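would you be able to build a 3D model of this:
(one chain, ligands or ions: 1)
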Amino acid sequence: MNDAALPTPGRSREVEPHIFDAELVDNSSSEPQPNWWRRFMNWWQRSPRVPAALKSRLASKQAATDTLAFVLRSPWRFVRAVARGLVASARGWRRWVRVHDYRDAAEQSEKLADKFIEIRELTLFRWKVTGVVALAGAAAIAVAYVVYGGTALWIATGLGSATLAMFGRRKDGAPGRKAVLAGPRSLTWTMDPQVLVDAFRDAKLIGKDESLRLVERAAHDGSGWAVTIDLPATRKAVDVIKHREALASALAVDELQLIVERVRGRGGHAGRVFLWVADDDPHSGPPLRFPLLDVEFWDAWRPVPFGRDARNRRIDLQLVWTSLVVGAIPRQGKTCATRLPAAGLILDPYSQLYVFDGKGGKDWQAAEAVAHRYVCGDEQEHVEAVRDYLVELVAEVQARFSRMSALDDDICPESKITPAISRDRDLGMPITAVIIDEVQVYLENTTREEYGGKKTTLGAYIADLLTYLARKGPAVGVVVILATQRPDSNTIPSRLRAVLGSRFALRVMDWRDSNIVLGEQMNTRGFDASTLLPSHKGVGILRPDGDTDAGADTVATTTRTYYMNNAEWRSICERGRALRDAAGTLSGHAAGDDSPRAIDRTAVVKAMSGSSVTNSGTPADLPEPLASIVDYLGDDLDQREFVPTAELTGALDMDPSVFAKQMGELECRPTRHRVPTEDGEVRRVRGYFTADIRAAIDRAGSDEISSTGGPEADQQ
Ligand SMILES: Nc1ncnc2c1ncn2[C@@H]1O[C@H](COP(=O)(O)OP(=O)(O)OP(=O)(O)O)[C@@H](O)[C@H]1O
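Numbering: from 1, shown residues only. Model (predicted):
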């Protein structure tokens, strides 16, 4: 067992050094300090009168580096300022001598012809003045040269160039002084922070009069350049993350090369941004070897290595307590990505696998050797087998809940599965994963059947079963992993999507599909899987369940998944089988036993009625967002009178305008109604009467209104 050799999961550990390096304060000391000294240090650190450079050794070092850089750069900056001053004064003189201001004013009042003679006279006069001044200046210099010699010339040149440099100095927020066709901008910002400031201005992330504060100078870090900056007050790091593309354009790099993170925790704040720019395409190069190929055994409770981000940091994926959906257009690496978490579960002999492959190829064939339930194919019999096994699992989830409620507090402290429970074979609650590749094959089956007294399609029923498992299953150790090449709302209804915790979007067709996998409005937050390159196989945007270490604003990470070829995948499955043989946990299909388990079907119907639309007295194929509303409200649909719009859009993670439009199409209009607030007052808010929602459901049931489900349903 050499899993210990793997680097421990810890994305934050690789980020934090930047944060702490940036935090210039180090007042920790093991020696007890006298009180007056601590008070003095406290004052010193906090006083605005003490320059920041004197507050810590690191800050002083940085100030010294800055000063040295300034001194070394100043001759070149002076020459450039003189050149700019020369150009600016020549332009200014030209405008003056040609009486531009007067000419423009006359032109604007359409009196140019009347003023022509006046303008001409003034032009001649100004030429004369120029001539006189030039002659007088030349004469003065000549006299000074005769009287004082060459020194006078040097003094005159010095004064002249200083004046020109003053005139041509780069003023903050004066972009007009830049050359129209500048050279390539990439990486110049690492040398000259002003270029970085300009890029932020060009990307409209700061105003013309605003600037940035360098917390940590640009330094080469890994295979790219890193810099930490503070935005001006009131500007937010999250906006920089949102407009990463504009910033990448301003810095002249591909957006895949630019990583923007908000610095969190100690030393971080809402306006502190960490930027990292890769030297080259960070997602090219040979495929990344899957670390689990070198381990004998894996604990399903440990996050599984999933891939690496642009900075080559390992990205792990937590499996227990959550579920995963992988969406992509064909041939982008969906199956390969789905096999990674599957491998983590296969290498844990105490976990149980339900593997269903809608494609029917040999991608998942090797998993037959370890799977408790295995279905491969898209025929009607396969869809029915998947349904039966899912029903079996729903019954199993219920049985686990009731068995768990009978357990001692010592064994089961929180009515949730624990590692010890999952490995105790007497309790019979192993971590159970349902892995379905090309899940759309099963969800799109249109055979109409009756379930729990209601007519519905087989696909909708499977969606309900999966929704139940993804929602209730995690607490008792059920993990749902779905992969689809059609991530539209017809295929994966929102009620199912809403309960799938982790999302991974490889390249998709457009931002709508990307949002369907990653969540509403993720494109506006800077995450759009349609912008990934076709050549980047296995590269996708991972939005893990819960917050990442980088904080809630860094909701997703572009990740290149590890790669496993077929032979390696087979070797993992063979190892999984050997481990199960040794542990005596081989069961079901892998042990040659495909006989269905006896289940209590009425209990399944009852369980589903609490959570799905199928059996709750409402039609299973309700259009969105009605189905999701029914799913969200449950019994409240009958018990409450009124639901505020904000509550519904929040719960459904929907854009309010799209929600209003879709509800309008279902003939459900919002009204203003008085509702009591938490502080005891009564406020008038917009929302829907549940009676109207119920009426829309009835109309949908009698097919009066057409389904709005479809890709448009998820558009913004
Ligand atoms: N992480 C990766 N690194 C490098 N190459 C990869 C990676 N993942 C997938 N690929 C390449 O992409 C190809 C397609 O992968 P895969 O079969 O997983 O795609 P898919 O999306 O499941 O396709 P389909 O939709 O046809 O099932 C693979 O043959 C492999 O060469």
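
low-confidence stretches in the stretch 351-500 of the chain?
Filtered on pLDDT under 70, the stretch 351-500 of the chain yields the residue ranges 489-490.

how about it: which residue is closest to the ligand?
Going by Cβ to the nearest ligand atom, the ligand is nearest to residue 485 of the stretch 351-500 of the chain, at 4.7 Å. Bear in mind the C-beta positions are built from the backbone N, C-alpha and C, glycine included.

ok, now which ones touch the nearest residue to residue 520 once chain neighbours are set aside?
Counting by Cβ to Cβ, 6 or more residues apart in numbering, the nearest residue to residue 520 once its immediate chain neighbours are dropped is residue 653, at 4.7 Å. Residue 653 makes contacts with 498, 519, 520, as judged by Cβ atoms under 8 Å, 6 or more residues apart in numbering.

so in the protein, where's the weakest helix or strand by average pLDDT?
One helix or strand of the chain scores below all others by mean pLDDT, DSSP states H and E: helix 11-22, with a mean of 41.

buried stuff in the next helix or strand after that one?
Where DSSP states H and E defines the elements, the next helix or strand beyond helix 11-22 is helix 35-46. When neighbours are counted by 16 or more other Cβ atoms under 10 Å, no buried residue of helix 35-46 is found.

dump helix 35-46 to CSV, keeping only the CA atoms.
Written as CSV, here are the backbone C-alpha positions of helix 35-46 (Å, rounded to 0.1, in the frame of the first residue of the first chain):
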residue,chain,number,x,y,z
ASN,A,35,3.8,45.0,28.0
TRP,A,36,5.1,48.5,26.9
TRP,A,37,7.0,46.8,24.0
ARG,A,38,3.8,45.1,22.9
ARG,A,39,1.9,48.3,23.1
PHE,A,40,4.5,50.2,21.2
MET,A,41,4.6,47.5,18.5
ASN,A,42,0.9,47.5,18.3
TRP,A,43,0.9,51.3,17.8
TRP,A,44,3.7,51.0,15.3
GLN,A,45,1.9,48.4,13.2
ARG,A,46,-1.4,50.2,13.2
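
that one: how far from the chain's middle?
In terms of Cα atoms, centre = their mean, to the nearest Å, the centre of helix 35-46 is found 41 Å from the chain centre.

name the helices or strands packed onto the very next helix or strand once past it?
Counting by DSSP H and E, the element after helix 35-46 in chain order, helix or strand, is helix 57-97. Judged by 3 or more Cβ pairs under 8 Å, 6 or more residues apart in numbering; DSSP states H and E, the packing partners of helix 57-97 are helix 112-148, helix 150-168, strand 213-221.

try 7 Å this time
Helices and strands touching helix 57-97, by 3 or more Cβ pairs under 7 Å, 6 or more residues apart in numbering; DSSP states H and E, are helix 112-148, helix 150-168.

quick one: which of those is nearest the ligand?
Nearest to the ligand, of all the helices and strands packed on helix 57-97, is helix 150-168, at 52.1 Å by Cβ to the nearest ligand atom.

tell me the angle the closest one makes with helix 112-148.
Angle, helix 150-168 to helix 112-148, by axes from the mean of the first three to the mean of the last three Cα atoms, to 10 degrees: 150 degrees.

give me the buried positions along helix 150-168.
Quick answer for helix 150-168 (16+ other Cβ under 10 Å): 152, 161, 164, 165, 167, 168.

tell me who's in contact with the fifth one.
Read that as residue 167. Counting by Cβ atoms under 7 Å, 6 or more residues apart in numbering, residue 167 makes contact with 85, 88, 89.

how about a cut-off of 6 Å?
Counting by Cβ atoms under 6 Å, 6 or more residues apart in numbering, residue 167 touches 85, 88.

40 is where my numbering starts, stick with that
Got it, the first residue is 40 from now on, which makes the last one we talked about residue 206.

what's the pLDDT at it?
You'll see residue 206 listed with a pLDDT of 79.

how close does it sit to residue 175?
Separation of residue 206 from residue 175 (Cβ to Cβ, to the nearest Å) stands at 21 Å.

can you pull the contacts of the residue in the stretch 440-589 of the chain that the ligand sits nearest to?
Nearest residue of the stretch 440-589 of the chain to the ligand: residue 577, at 2.3 Å (Cβ to the nearest ligand atom). With contact set as Cβ under 6 Å, 6+ apart, residue 577 has these partners: 372, 599, 600.

tell me the contacts of residue 504?
429, 433.

one more time with 10 Å
Applying Cβ atoms under 10 Å, 6 or more residues apart in numbering, we find residue 504 in contact with 425-426, 428-433, 473, 481, 490, 535, 643, 646-647, 651, 653.

return the backbone torsion pair for the residue nearest the centre of the chain.
Compute the mean C-alpha point of the chain, and by Cα atoms, centre = their mean the closest residue is residue 595, 2.8 Å away. Dihedral pair for residue 595: phi -140, psi 160, per degrees, to the nearest 10.

give me the pLDDT for it.
Residue 595 is assigned 87 on the pLDDT scale.

give the burial count for the residue lying closest to residue 162 once chain neighbours are set aside, as a bare number.
Residue nearest to residue 162 in three dimensions, not counting chain neighbours: residue 138, with 5.4 Å by Cβ to Cβ, 6+ apart. Using other Cβ atoms under 10 Å, residue 138 has 21 neighbouring residues.

hmm, back to that, nearest spatial neighbour of the residue of the stretch 390-539 of the chain closest to the ligand, skipping sequence neighbours?
That would be residue 369: by Cβ to Cβ, 6+ apart, it lies 5.2 Å from residue 524.

any idea how far that neighbour is from residue 522?
According to Cβ to Cβ, residue 369 stands 11 Å off from residue 522.

which neighbours do those two have in common?
Listed as contacting both residue 369 and residue 522 by Cβ under 10 Å, 6+ apart are 398, 477.
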